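Asks: Need a 3D model of the following:
(one chain, ligands or ions: 1)
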Amino acid sequence: MKKITLYNSLTHKKELFVPLDEELVTMYSCGPTVYDTVHIGNLRAFIMADTLQRALRLVGGYELRWVMNITDIDDKMITRAQEKYANDSPEAGLAKLAQEYEAKFLQDLSAVGVDLDEIAAFPHATDYIEKMQKLIQKLYDQELAYVADGSIYFSLDAYTKQGGSYGVLAHIAEVAQARIDDQDQKQGAGDFALWKAQKPGEPHWDFELNGENYPGRPGWHIECSAMSTDLLGKEFDIHTGGVDLKFPHHENEIAQCGGTLARYWVHNEHLMVDESKMAKSVGNFVKLEAISYPLAFRLMTLSAHYRSQMDFSKAGLEAAHARVVRLREWASKIVNNPQAGTSAKMPQLVKDFDAALADDLNTPQALAVLAAIESTAARTEDVYAFLLHADEVLGLHIFEVMDRVRSYEGVEEILARREVARNDQDYALSDELRDKLRELGVGVEDTPDGQIVWQLF
Ligand SMILES: [Zn+2]
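Replies: Okay, here's the model as predicted:
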């Protein structure tokens, strides 16, 4: 088992990762707001978190408890539900919208190889109203929160006067713009909403505070503080998210928890398109359904370090797809047509692969190690063992499609006809059938033990 280092945004340096409990790592990832399909820039963050959890388990040897929240109430949710489900009650419209896009989100996560079984809980904001209210009550009792126009705000001034530090994650240059973009920011102040007063036609919950009712709904920042500490403890190990969440979202999460929360904050950089950050507000976003090769997209994101900005391009995606297909072909040959013996270089390469991932999740370096073995096309048992490990850590699922390919409609029949053609030395027909398989997305090669297939799409 290897020691893992991670770049911690809290200390602004790479640190040896030491969990609170030496065997069980606790990790929280800010999840999606389910008002629309997520774009692939968001997916980069979830692929990073998934690769990190894989490396912690399979390279670091840790057990893991990983939680990802689902934001099913906020300004964007309300606006979209009002547009889309105008004939429903505000509550019913909100629930319908959330259900629809949460299902789509889980599909997209799965398509890019995120291991849903490893996510211990997907808490929903609307299931946490009471716990958020308790936390707000506590902040109010500590004089860190105040009421204004039916809403309840966190007082940054009171927090710093009580000795709280704010702004440890953020870069000052980003602060002004981030505040403008934040839906829960109080105008003209650093304070932010913990609870927002109900406007006509909006879904709402009652909130008794000091004998007074404040019908409304929670702000966005408070939900992550309530959920993460409820499910992982007052202090836990890792908090992940995109760099755009550093401020104000993550700063606010920390402040609401009195300055403690996660011990390591891991942030991924943006996905860029033509040198601009991919974002709904910029209008340059691409949704996963526009990408025919979700696992190639995963490989593409892993080819850049998570702390580097990455350019999305069609050519880059095509190159990644070509590599995924080559890996599937290699995997199929290793399983179906193995070689005897071992490869002398393997022990060192296996070490190098794990060392790369243990070094602040250096996936481009790990992929370079993989490429060194890939280029030999060796099919020995030790190479097989390595490839199984590499595939599991990187989450590319190159072995998984092998059996699926044979179940595609018509494939077994064409393979049988092709075998007869080859026995009859009818190579023209054999080639014609190979082209037919290609049209179905199936690659084929002949070996002394029969035909080997792999998935091309
Ligand atoms: Zn969050």
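Asks: Remind me which helix or strand residue 83 belongs to.
Replies: In this structure, residue 83 sits in helix 75-84 according to DSSP states H and E.
Asks: Now do that helix: which elements does it pack against?
Replies: helix 90-111 (3 or more CB pairs under 8 Å, 6 or more residues apart in numbering; DSSP states H and E). Where C-beta positions appear, they are placed from N, C-alpha and C, glycine not excepted.
Asks: and the helix or strand just after the helix it packs on, what's its mean pLDDT?
Replies: Once helix 90-111 ends, the next helix or strand along the chain (criterion: DSSP H and E) is strand 119-121. Strand 119-121 comes out with an average pLDDT of 98.
Asks: which SS class is the residue of the stretch 251-400 of the chain found nearest the ion?
Replies: With CB to the ion, the shortest gap between the stretch 251-400 of the chain and the ion falls at residue 253, namely 6.1 Å. Three-state assignment for residue 253 (DSSP: H, G, I helix; E, B strand; the rest coil): helix.
Asks: Which residues are in contact with the residue in the stretch 1-150 of the chain positioned nearest to the ion?
Replies: Per CB to the ion, residue 30 is where the stretch 1-150 of the chain lies closest to the ion, at 3.3 Å. By CB atoms under 8 Å, 6 or more residues apart in numbering, the residues touching residue 30 are 45, 68, 69, 224, 239, 240, 241, 245, 249.
Asks: And residue 16, by the same measure?
Replies: Counted by CB under 8 Å, 6+ apart, residue 16 has contacts 3, 4, 5.
Asks: State the distance from the residue of the stretch 251-400 of the chain closest to the ion to residue 227.
Replies: As judged by CB to CB, to the nearest Å, residue 253 and residue 227 stand 10 Å apart.
Asks: filter the contacts of residue 30 to the buried ones?
Replies: 45, 68, 69, 224, 239, 240, 241, 245, 249 (16 or more other CB atoms under 10 Å).
Asks: So the third one is in contact with residue 34, correct?
Replies: No. The pair residue 69 / residue 34 is not scored as a contact, 10.6 Å apart, by CB atoms under 8 Å.
Asks: quick one: what helix or strand has the closest residue to residue 422 other than its chain neighbours in it?
Replies: Excluding its sequence neighbours, the residue lying closest to residue 422 (CB to CB, 6 or more residues apart in numbering) is residue 430, at 5.1 Å. According to DSSP H and E, residue 430 maps onto helix 427-439.
Asks: before we move on, what about residue 329?
Replies: Here residue 329 is covered by helix 314-336, with elements defined by DSSP H and E.
Asks: got the buried residues for that helix?
Replies: Buried, per 16+ other CB under 10 Å, within helix 314-336: 316-317, 320-321, 323-325, 327-334, 336.
Asks: about what we covered before: can you put the buried ones among the contacts of residue 30 in TSV and add distance to the ion and pLDDT?
Replies: Below are the buried ones among the contacts of residue 30 laid out as TSV (distance: CB to the ion, whole Å; pLDDT from 0 to 100):
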residue	distance to the ion	pLDDT
45	11	97
68	10	98
69	6	98
224	3	97
239	8	98
240	10	98
241	6	97
245	6	93
249	6	93
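Asks: Can you tell me which of the residues you listed is nearest residue 104?
Replies: The closest of the buried ones among the contacts of residue 30 to residue 104 turns out to be residue 68 (CB to CB; 15.3 Å).
Asks: For that closest one, give me its contacts.
Replies: Listed by CB under 8 Å, 6+ apart, the contact partners of residue 68 are 28, 29, 30, 31, 46, 49, 119, 121, 122.
Asks: Generate a PyMOL selection restricted to the buried subset of those residues.
Replies: Filtering these down to the buried ones (16+ other CB under 10 Å) takes a single PyMOL command:
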select buried, resi 28+29+30+31+46+49+119
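Asks: Contacts for the helix or strand where residue 152 lies, please.
Replies: Assigned by DSSP H and E, residue 152 belongs to strand 151-154. The contact list for strand 151-154 (CB under 8 Å, 6+ apart) reads 136, 139-140, 144-147, 186, 191-197, 207, 209, 214, 216, 252, 255-256.
Asks: Extract the C-alpha trace of the next helix-or-strand element following it and format it as PDB.
Replies: Sequence order places helix 156-161 as the next helix or strand after strand 151-154, per DSSP H and E. Below are the C-alpha coordinates for helix 156-161, written out as PDB (Å, rounded to 0.1, in the frame of the first residue of the first chain):
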ATOM      1  CA  LEU A 156     -19.500  37.700   8.200                       C
ATOM      2  CA  ASP A 157     -18.700  40.600  10.400                       C
ATOM      3  CA  ALA A 158     -19.800  38.800  13.600                       C
ATOM      4  CA  TYR A 159     -17.900  35.700  12.500                       C
ATOM      5  CA  THR A 160     -14.600  37.500  12.100                       C
ATOM      6  CA  LYS A 161     -15.200  39.500  15.300                       C
END
